[in-house]
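Peer 1: sequence first, then the predicted structure, then my questions.
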Amino acid sequence: MATITQPDIALTPAAAARVAAIAAKQSKPAILRLSVEGGGCSGFQYKFGFADAAEADDTVAELDGVQLVVDSVSLDLVRGAQVDFVDSLGGAHFNVINPNAASGCGCGTSFSV
């Protein structure tokens, strides 16, 4: 397991606060997993979930005691990205600001490189 600092992958304060709040309600560790899967309307899609622990091949970014873990294959597609939490009229969701994405869909959950 590699622990990294920016700019490989980052968690914003808003995202860290939201992960901490959800984890506390569910009595789970404050570990958010980001992975990339094939699919979506643009070719790849982001998938979020909570993890009990980091895996051996994960890269870990930490902010305020909250961890963001990304597997080595997904990291190649999101290197340099930031994970944010947005709460607006359109709804509340985690958002990936990915400098590697050549295009994306309107909902922001899928992208192409």
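Peer 2: Yep, that arrived.
Peer 1: can you tell me how far Lys47 sits from Val96?
Peer 2: To Val96, Lys47 is 11 Å away according to C-beta to C-beta, to the nearest Å. In short, each C-beta sits where N, CA and C put it, glycine included.
Peer 1: okay, and the common contacts of these two?
Peer 2: Leu34 (C-beta atoms under 8 Å, 6 or more residues apart in numbering).
Peer 1: between these two, which is the more surrounded one?
Peer 2: Val96 (21 against 14; other C-beta atoms under 10 Å).
Peer 1: name the residues of whichever helix or strand that one is part of that come out as buried.
Peer 2: Val96 belongs to strand 91-97 when assigned by DSSP states H and E. Using 16 or more other C-beta atoms under 10 Å as the test for burial, strand 91-97 gives 94-96.
Peer 1: okay, the residues you listed in TSV with distance to Gln82 and pLDDT next?
Peer 2: TSV is the format used below for the buried residues of strand 91-97 (distance: C-beta to C-beta, whole Å; pLDDT from 0 to 100):
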residue	distance to Gln82	pLDDT
Phe94	11	91
Asn95	9	89
Val96	7	89
